[in-house]
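**Q** Okay, here's the prediction I keep looking at, along with the sequence it came from:
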Amino acid sequence: MIMSVTVTSSRSSSLLSYGIVLMMLTALLAKPALAVQAEASHILVDTEAQALDLKAKIDAGADFGEMAKQHSKCPSKSRGGSLGKFGRGQMVKEFDTVVFNEEVGPVHGPVKTQFGYHLIKITSRA
């Protein structure tokens, strides 16, 4: 027995809409999840000029960790500026925005916060 199905224009329109919704959901679900944890180091100084000077030295080859030990006013300087791993929202907004949105690896900044000026090196993000 052969069955035939007639597709009306309203049924065809519904199938098309369903297909579009499926494609949109697939695209949304295929996007990588937002990072919820990061690891970073920083150097905290009082002035933008100090931060720019240190960044120039680092860009010229100075070691970030050594510069943090010598110049940062944050207690993390004893660990080369390492802040370890932390979650989204645990740092002040300006710092958090850089750590969770900028490229992993290069030195970012100066970033001004209520504490001073930061140079930030993002080590990892997951």
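**A** Thanks, I have it.

**Q** quick one: which helix or strand includes the residue nearest the centre of the chain?
**A** By CA atoms, centre = their mean, the mean C-alpha position of the chain lies nearest to Phe100, the distance being 2.1 Å. Under the criterion of DSSP states H and E, Phe100 resides in helix 93-101.

**Q** Give the next helix or strand downstream of that helix.
**A** Following helix 93-101 in sequence, per DSSP H and E, is strand 107-113.

**Q** which parts of that next one are buried?
**A** Val107, His108, Gly109, Pro110, Val111 (16 or more other CB atoms under 10 Å). Where you see a C-beta, it was placed from the backbone N, CA and C, and this is true even at glycine.

**Q** of these, closest to Ser41?
**A** Distance to Ser41 across these (CB to CB) is lowest for Val107, with 9.3 Å.

**Q** Give me the pLDDT for that closest one.
**A** For Val107, the model assigns a pLDDT of 98.

**Q** who's in contact with it?
**A** Shown in contact with Val107 (CB atoms under 8 Å, 6 or more residues apart in numbering): Lys55, Ile58, Asp59, Phe64, Leu119, Ile120, Lys121.

**Q** would a markdown table of these with distance to Lys93 be doable?
**A** As requested, the contacts of Val107 are exported to a markdown table (distance: CB to CB, whole Å):
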| residue | distance to Lys93 |
| --- | --- |
| Lys55 | 21 |
| Ile58 | 24 |
| Asp59 | 26 |
| Phe64 | 23 |
| Leu119 | 18 |
| Ile120 | 13 |
| Lys121 | 19 |
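
**Q** List the ones among the residues you listed that fall in strands.
**A** Among the contacts of Val107, the ones falling in strands (DSSP state E) are Leu119, Ile120, Lys121.
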